[in-house]
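K.L.:
Show me how the following folds:
(4 chains)
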There are 4 protein chains.
Amino acid sequence: VEEPLWKTDLNAACQRIKLVAMDVDGTLTDGRIYFTEQGDFIKSFDAADGWAFAAARKAGLILALATGRRSETVRARAREFKVAPYNVIQGMNNKGDALKKLCRLNNVTLEECAFIGDDYVDAAGLKVCGLPLAVANAPDEIKALSAYVSNHSGGDSAVRELLVWLLREQGKLKQVVDWYLAQ
Amino acid sequence: VEEPLWKTDLNAACQRIKLVAMDVDGTLTDGRIYFTEQGDFIKSFDAADGWAFAAARKAGLILALATGRRSETVRARAREFKVAPYNVIQGMNNKGDALKKLCRLNNVTLEECAFIGDDYVDAAGLKVCGLPLAVANAPDEIKALSAYVSNHSGGDSAVRELLVWLLREQGKLKQVVDWYLAQ
Amino acid sequence: VEEPLWKTDLNAACQRIKLVAMDVDGTLTDGRIYFTEQGDFIKSFDAADGWAFAAARKAGLILALATGRRSETVRARAREFKVAPYNVIQGMNNKGDALKKLCRLNNVTLEECAFIGDDYVDAAGLKVCGLPLAVANAPDEIKALSAYVSNHSGGDSAVRELLVWLLREQGKLKQVVDWYLAQ
Amino acid sequence: VEEPLWKTDLNAACQRIKLVAMDVDGTLTDGRIYFTEQGDFIKSFDAADGWAFAAARKAGLILALATGRRSETVRARAREFKVAPYNVIQGMNNKGDALKKLCRLNNVTLEECAFIGDDYVDAAGLKVCGLPLAVANAPDEIKALSAYVSNHSGGDSAVRELLVWLLREQGKLKQVVDWYLAQ
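P.N.:
The predicted structure is shown next:
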């Protein structure tokens, strides 16, 4: 069995990343799902994560969402994040399969993908990707599968923290931040 | 007066459990009820508790909800949790009576039931069941009635913590977690 | 100038209380007002406060709400709390005038009223009542006007804490709690 | 290059301020944007900030909002805050340009404007105004651009803290608070 690159050279694994996919509930949200009496769902997303999506796009990264549920709220949020509709995979329970589909659609390899998760259902995605990442609120077994774990929890800027960390590893952070500071 | 089994042998009391019933507001939620100007309610549930419901079902436990209120949001959440509609008892103020009804419907004894509560109104349910459980935000008198109290508060993974604890006591946790990690 | 009774004998001031009026935003809620794109408001109330309303009613206290805003959400919440519709005063900016109106409607004196507030706009109510109470998140000048300040913040069981404290001062708490524990 | 006045004499810079403009998401809110399945947004604002808007208005300050997004929720909130409709700038990504527009509309100079922000996108506004202010949750580079940083986070009374601080610097706080306490 071959060791994944991130175990021996984390920065090299980061340098290869072209696509960052992530779970939604508990990762991009705090896990709370609001149920109305009409049977609709409401979820809250963090505007601070929104900045990180814009910054990562500026730096050339492809962003994608992969969730086992199906909800219009995720499509609406993805539109705001400017994630391409074909990069929003909903209703696919196996995150490994979702990631393989995203690779085909974007013509990248699994080694060129990072995946961010927060729970046991994300294990399959974390195991097949080139850079497995977890949020602070993930269970220990999920953190153990990950190359890097955020200090922030999902929905509270965890994704921003991980994207900023990745951009720094890739040497692209300063340029993006400077662009904003120079406006 | 006979001592309940959980006072003398907690693990044996856990081994007998076939059904876990629980209160909703303050137990499966953080107690916040959002009122709209149309007079509707909105409640938030924790996606992390959702995983625990799926895991407990995989391990063969029956899950049930018992609340004194009535709301479509609870029915919608129960559907997502895959709780059978007849195991959602709404509008019954006495939780002891609700638990007895659940026993009849599922052909189990009170000793085979756990009940999770967070407030004084849950006392009647906690007193008649085989394994009374409370969340961190419960008042002291309710904690005193309980065999085990979670460290997490209701709506913030308290139910997940208690279900994971019960599965561990029943020796079923590792198998369920391994199933997810092996996907 | 005569000192108010609560400064010299707090328990005696508590014993006289027949009606407890309170502000809404920041007192019964955490102060967050959710605005929808349709221009509607949503506010969240704490189910734990709901138990305290029921307990105070059982102990014979009259409960009332006084807010400077107007919103259907407050009427809906009051209905759930079983507060009489005429005891919900909305749109009256001066809380002292609101409290005087509540006294007339309920045939009680200002000395027989407690008032719970969280902000400068509640000063007029706190100054005229027989038992001024504040929540943890109130500014210092408001706390200085109050006979007792909760440890909990508004919307996070502050009202429950204050009502439980008042029932204890009035010697009625144990009976109410025992009623629930005996179900 | 001339040093801005706030670097050499902070109180003098405060004394000149006639208009306070601010970002919305993450500054007047906690950054959470709630997405419904109908594709609508919901945002929560803090009633405590509402008092500060009223107090600042009483003290003669002009208040304005500048956000890169567009949403009816901001217009509804502004109406409640009694911010003049022409002082709500939406959909303008460059906050410096938004601030210049607000100056023209209100016949004030940039030196007479304060700007409150929470993220990189607010840099342009902070750099051109006479009193740049940031909230506790802002990134370090944004705090470094600011004359003063709140201890509270956006949506959790940060704007109230900053407006109260400014009124105190301008010597107007006591009069406004006393007005409320004297009701």
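K.L.:
which residues touch the residue lying farthest from the centre of chain A?
P.N.:
With distances taken as CA atoms, centre = their mean, the residue sitting farthest from the centre of chain A turns out to be A:Glu37, at 31.0 Å. By CB atoms under 8 Å, 6 or more residues apart in numbering or on different chains, the contact list for A:Glu37 reads B:Asp40, B:Phe41, B:Ile42, B:Ser71, B:Glu72, B:Thr73. Any C-beta I mention is one placed from the backbone N, CA and C, and that applies to glycine too.
K.L.:
Which one of the residues you listed is nearest to C:Leu19?
P.N.:
Set against C:Leu19, the nearest of those by CB to CB is B:Phe41 (27.6 Å).
K.L.:
Show me the beta-bridge partners of the closest one.
P.N.:
Beta bridges link B:Phe41 to B:Phe35 when assigned by DSSP bridges.
K.L.:
give the contact list for it.
P.N.:
With CB under 8 Å, 6+ apart, B:Phe41 has these contacts: A:Thr36, A:Glu37, B:Ile33, B:Tyr34, B:Phe35, B:Ser71, B:Thr73.
K.L.:
For the host helix or strand of the third one, which helices and strands make contact with it?
P.N.:
Meaning B:Ile33. B:Ile33 belongs to strand B:32-36 when assigned by DSSP states H and E. If contacts are counted by 3 or more CB pairs under 8 Å, 6 or more residues apart in numbering or on different chains; DSSP states H and E, strand B:32-36 sits against strand B:41-46, strand C:41-46, helix C:72-81.
K.L.:
what's that strand in contact with?
P.N.:
A:34, B:25, B:41-44, B:155, C:34, C:40-47, C:72-73, C:76-77, C:80, C:155.
K.L.:
7 Å instead?
P.N.:
Under the contact criterion CB atoms under 7 Å, 6 or more residues apart in numbering or on different chains, strand B:32-36 has outside partners B:25, B:41-44, C:40, C:42-47, C:73, C:76-77.
K.L.:
now swap in stretch A:171-179 and tell me
P.N.:
Contacts of stretch A:171-179 (CB under 7 Å, 6+ apart): A:Ala55, A:Lys58, A:Ala59, A:Val164, A:Leu167, D:Tyr120, D:Glu141.
K.L.:
ok, and the closest non-adjacent residue to the first one?
P.N.:
Yep, that's A:Ala55 we're talking about. Closest residue to A:Ala55 apart from its sequence neighbours, by CB to CB, 6 or more residues apart in numbering or on different chains: A:Val176 at 4.7 Å.
K.L.:
Over to the residue nearest the centre of chain A: give its phi and psi.
P.N.:
The centre of chain A sits closest to A:Met22, judged by CA atoms, centre = their mean, with a distance of 2.9 Å. Here is the backbone geometry of A:Met22 (degrees, to the nearest 10): phi -150, psi 150.
K.L.:
What separation is there between A:Ala123 and A:Asp23?
P.N.:
11 Å (CB to CB, to the nearest Å).
K.L.:
do A:Val149 as well
P.N.:
14 Å.
K.L.:
hang on, the earlier thing: for the residue farthest from the centre of chain A, which non-adjacent residue is closest in space?
P.N.:
Nearest non-adjacent residue to A:Glu37 (CB to CB, 6+ apart): B:Glu72, at 4.1 Å.
K.L.:
So what's the gap between the helix or strand of chain A with the lowest mean pLDDT and the chain middle?
P.N.:
Here the helix or strand of chain A ranked lowest by mean pLDDT, DSSP states H and E is helix A:72-81, holding a mean of 89. On the basis of CA atoms, centre = their mean, to the nearest Å, helix A:72-81 sits 14 Å off its chain's mean C-alpha point.
K.L.:
C-terminal to it, what's the next element?
P.N.:
strand A:88-90.
K.L.:
by contact count, what packs against that following strand?
P.N.:
strand A:62-67, helix A:72-81, helix A:95-106 (3 or more CB pairs under 7 Å, 6 or more residues apart in numbering or on different chains; DSSP states H and E).
K.L.:
before we move on, the earlier item: got the contacts of stretch A:171-179 as CSV, with pLDDT and distance to D:Asp9 columns?
P.N.:
What follows is the contacts of stretch A:171-179, written out as CSV (pLDDT from 0 to 100; distance: CB to CB, whole Å):
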residue, pLDDT, distance to D:Asp9
A:Ala55, 97, 36
A:Lys58, 96, 38
A:Ala59, 97, 40
A:Val164, 98, 35
A:Leu167, 98, 38
D:Tyr120, 97, 28
D:Glu141, 97, 24
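K.L.:
Among these, which ones are in helices?
P.N.:
If you go by DSSP state H, the contacts of stretch A:171-179 have A:Ala55, A:Lys58, A:Val164, A:Leu167, D:Glu141 in helices.
K.L.:
Any quick ChimeraX command for the buried ones out of the residues you listed?
P.N.:
The buried residues among the ones in helices among the contacts of stretch A:171-179 can be selected in ChimeraX (16 or more other CB atoms under 10 Å in any protein chain shown) with this line:
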select /A:55,164,167
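K.L.:
Next, give me the two most distant ones among the ones in helices among the contacts of stretch A:171-179.
P.N.:
Farthest pair in those, by CB to CB: A:Lys58 and D:Glu141, 16.1 Å.
K.L.:
coming back round to it: ok, the residue farthest from the centre of chain A to B:Arg32 distance?
P.N.:
A:Glu37 is 15 Å from B:Arg32, by CB to CB.
K.L.:
Quick one: low-confidence residue ranges for chain A.
P.N.:
A:1 (pLDDT under 70).
K.L.:
Quick check: residues of it near chain D?
P.N.:
A:40-48, A:51, A:71-73, A:76-77, A:177, A:180-181, A:183 (CB under 7 Å from any CB of the partner chain).
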